[in-house]
Structure formats: structure tokens, C-alpha cells
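> structure for the following, please:
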Amino acid sequence: MNLSCKILANLLLIFNFSTKDAVPSETGNPKEAWGVLDQEINLDIPNFQMNNDIDDIKWEKEGPNKTRVAQFKKDKTSFHLNETYAVLANGTLKIKSLKKNSGGTYKVSVYNTEGKFVQEKTFHLKIIELVSKPEISWDCINTTLTCEVVKGTDPELKLYQNQKHFMTSSQRVITHKWTTRLNAMFKCTAKNRFSEESSEKVVNCLEKGLDIYLIAGICGGGILFIIFVALLIFYISKRKKQNRRRNNEELEIRVHRVATEERSQKPHQMPASVPQNPGASQAPPPPSHRSQAPGHRPLPPGHRVQHQPQRRPPPSSGTQVHQHKGPPLPRPRVQPKPPRGAAEHMSSPSSN
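Predicted coordinates for the structure are as follows:
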């Protein structure tokens with residue numbers, strides 16, 4: 001064998017050993033996987049066949065802190081971070097009850113019994129939420145129809161009128177406005193990658209309804225009128241109570257004043273039949289009881305002159321009012337005058 005043949009044979013042997021011991025590397029971008037919220041997903045290793053030479057399968061979640069979520073070890077108990085993760089017999093990673101934070105990048109690494117690297121694959125998991133049933137609502141006054149979907153990831157809304165599609169939107173709310181009277185069947189469809197829901201409604205806006213602002217104005221005016229009437233009744237009732245109380249007070253004052261005047265006038269008023277001067281009202285004593293001057297005889301009965309005591313007229317109303325202001329003043333006693341004949345007879349002896 002010449003030298004050139006030996007060199008060629010050596011190169012072939014080197015290339016053979018290098019390809020046998022080479023570590024297979026990941027080719028292409030990470031595999032994209034989609035999972036539904038609150039459901040489960042299986043991440044299968046592509047182009048992988050489980051055999052007795054496989055000793056270790058490790059699943060990790062990439063991020064700021066790489067986390068081992070599950071691991072398979074031959075003749076050993078499998079590891080799982082929590083009940084959410086599990087490794088199946090074929091090396092597949094099972095994730096139960098997906099949450100929104102379950103999404104991310106997962107990497108699997110496979111080793112044989114000799115500890116040599118066999119395969120590696122990366123998955124990018126996205127969590128999606130199913131769409132909810134869309135809700136159709138309309139307003140005949142504003143001539144507006146609205147279709148809204150509450151739940152769902154990246155929903156697409158489509159609106160149909162009488163089975164004819166006429167509007168599409170990638171928003172959660174789609175609005176349609178008409179200009180003429182309307183009586184038609186509307187259908188709204190919400191759709192994303194894993195789900196689709198639809199609703200149908202018959203919209204009848206042929207009759208012209210009352211304006212909502214007019215209704216609100218009527219209600220507001222009625223409430224204000226009721227409040228005004230209630231305040232008016234309360235004011236009138238309060239005024240009546242005040243007037244009744246004032247009249248009662250005036251009547252009590254008047255009665256008290258009259259009673260006070262009557263009590264003040266009783267001690268100063270005398271009956272008309274009783275004379276005010278007791279001395280003047282008494283009859284003159286008989287002649288036998290009178291004090292006689294020595295040497296004088298009483299006149300015969302025929303010559304006696306009866307002298308009636310002068311009665312004082314009752315005080316006028318003005319006097320009573322004046323007396324009401326203070327205690328009565330003392331009055332001088334009226335002395336009875338002797339008869340005229342007796343006076344002359346008494347004066348005659350003195351002259352003699």
C-alpha cells in the first residue's frame with residue numbers, strides 16, 4: 001500500500017470516530033406549542049424513541065432562574081417539581097391544569113446509560129383562553145347595535161345581518177349603527193385558535209320609542225313636584241300650629257289680665273245698699289240720751305226737726321281707676337248738723 005492510500009485510510013477512520021462520538025445539537029427555532037387555560041398539555045419529544053440505553057431525561061423551564069420541573073431516571077423514582085408536572089414512560093412532559101404563568105420556554109435533555117448526551121429540544125409554550133359566548137345588545141333610540149365578547153385570547157368578531165356577513169373586528173367590542181327603521185336577524189361570532197362561539201338576536205326597531213332624556217326629564221319633574229307639595233303642606237301645617245299657639249297665648253294673657261283686675265277691684269268696691277260712712281248713716285240718738293247743757297230743756301216733739309245725714313255719692317269710674325293704682329286715702333267724717341230750732345233755743349239763754 002502506497003503512502004497516499006494510508007493517508008486516506010487514516011482520514012476516514014478519524015472522521016468515523018468523530019461522527020460516532022459527536023453530540024447532536026438542536027437545529028432550527030424552538031418548537032411552538034399551544035395550551036388551553038385550565039386544561040392539560042403533553043410536550044412530546046420529536047424524533048425520539050425510548051429504549052434501554054436511555055438513562056436520564058431532564059425537563060427544565062427557562063427564565064431568569066432555570067428551574068428543573070421534572071426528571072426521569074432509570075431504575076429510580078421520577079422527580080417532579082409539584083403535582084402539576086409529570087414525566088411519562090416515553091419521556092413526554094405532562095402539564096396539568098394550565099395557568100397563565102405556565103407559559104414559557106421548556107427544554108428537554110436526554111442522556112444514555114454511559115452519561116453521554118443523546119438529544120436536546122426546546123419548546124415555547126403559549127397559554128390561550130377560550131372565547132366566551134358573545135352578547136348582543138341594541139338601542140332603538142340611538143339606532144345602535146353592539147356585540148361584545150368578555151373572555152378569550154385574541155378574539156375575532158364577525159357580525160352578520162340576515163345571514164350576510166358585513167363586519168369584522170379584532171377587538172372585543174363591535175358596534176353597528178343604522179339610519180332607517182330596522183327589523184332583521186343579527187348573528188355575532190367570536191373565534192380564536194381553539195374555540196368559536198356565536199349568538200343570534202332578532203332586532204325590531206320599527207316603532208319610535210320615547211326619548212330617554214324625555215323620560216328622565218318627566219321623572220325628575222315629578223320628583224321635584226312631589227317634594228314641592230310636601231314642603232308646602234309642611235309649611236302650612238307649621239303656620240297653623242304657630243297661629244293656634246299664638247291665639248292660645250293671647251287668650252291666656254287676656255284671661256289672666258281680667259282675673260287680676262277683678263281681684264284688685266274687690267277690696268275697694270262697696271255694696272250700694274251700705275253707706276260708706278257708718279257714722280253718718282246712724283240715726284241721731286233720742287233726746288233723752290243726748291248731752292244737754294245745764295238749764296236747758298229738750299224741745300217738744302213738735303218742734304224737733306229731723307236731719308237726714310248726707311250720703312256721699314259713690315265714687316266715679318275715674319276714681320275707681322285711680323284707686324286701683326294705690327291704697328284708698330282716708331276720708332274726713334261728716335258731723336251731723338243739729339236742728340235749726342234747737343240751735344236757736346240753745347243760743348237764746350246765753351243771750352239772756
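> pull the number of nearby residues for the nearest residue to residue 179 once chain neighbours are set aside.
Spatial nearest neighbour of residue 179, chain neighbours left out: residue 143 (6.8 Å); criterion: C-beta to C-beta, 6 or more residues apart in numbering. (C-beta placed from N, C-alpha, C; glycine too.) By other C-beta atoms under 10 Å, the residues close to residue 143 number 15.
> I'd say residue 143 and residue 203 touch.
No - using C-beta atoms under 8 Å, residue 143 is not in contact with residue 203, being 10.3 Å away.
> which strands border the longest strand anywhere in the chain, and is each parallel or antiparallel?
Longest strand of the chain, by residue count under DSSP state E: strand 117-128. Each strand paired with strand 117-128, and its direction, by DSSP bridges: strand 31-36 (parallel), strand 104-112 (antiparallel).
> all helices of the protein, in order?
Along the chain, counting by DSSP state H, helices occupy 3-21, 212-265, 278-281, 317-324, 340-351.
> pLDDT of the third one, averaged?
When pLDDT is averaged over helix 278-281, the result is 44.
> comparing the strands paired with strand 117-128, which comes out most buried?
Ranked by mean neighbour count, the strands paired with strand 117-128 are led by strand 104-112 with a mean of 18 (mean count of other C-beta atoms under 10 Å).
> outside of that one, which residues touch it?
30, 43, 45, 48, 53-63, 69, 91, 93, 117-125 (C-beta atoms under 8 Å, 6 or more residues apart in numbering).
> of these, just the buried ones, PyMOL syntax please.
Buried residues within the contacts of strand 104-112, by 16 or more other C-beta atoms under 10 Å, are selected in PyMOL with:
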select buried, resi 43+45+48+54+55+56+57+58+59+60+61+69+91+93+118+119+120+121+123+125
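> alpha carbons only: can I get stretch 173-188 in CSV?
Below are the C-alpha coordinates for stretch 173-188, written out as CSV (Å, rounded to 0.1, in the frame of the first residue of the first chain):
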residue,chain,number,x,y,z
VAL,A,173,-66.5,45.0,21.1
ILE,A,174,-68.0,45.6,17.6
THR,A,175,-70.6,48.4,17.0
HIS,A,176,-73.1,48.8,14.2
LYS,A,177,-75.3,51.9,13.6
TRP,A,178,-78.2,52.1,11.2
THR,A,179,-80.2,55.0,9.8
THR,A,180,-83.6,53.6,9.0
ARG,A,181,-86.2,51.6,10.8
LEU,A,182,-84.9,48.1,11.3
ASN,A,183,-86.3,44.6,11.6
ALA,A,184,-83.7,41.9,11.0
MET,A,185,-81.8,38.9,12.4
PHE,A,186,-78.3,39.6,13.6
LYS,A,187,-75.6,37.0,14.3
CYS,A,188,-72.4,37.6,16.1
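> ok, residue 155 - how many residues close by?
Residues near residue 155, counting by other C-beta under 10 Å, number 24.
> need the pLDDT of it.
pLDDT, read off for residue 155, is 95.
> contacting residues for the residue nearest to residue 179?
177-179, 182, 205.
> compare these and tell me which is most surrounded.
residue 205 (18 neighbours).
> which non-adjacent residue is nearest that residue?
Using C-beta to C-beta, 6+ apart, the nearest residue to residue 205 is residue 140, at 3.8 Å.
> and for residue 137?
Computed as C-beta to C-beta, 6+ apart, the closest residue to residue 137 that is not its neighbour in sequence is residue 146, at 5.2 Å.
> so how far is residue 228 from residue 221?
Using C-beta to C-beta, to the nearest Å, residue 221 is found at 10 Å from residue 228.
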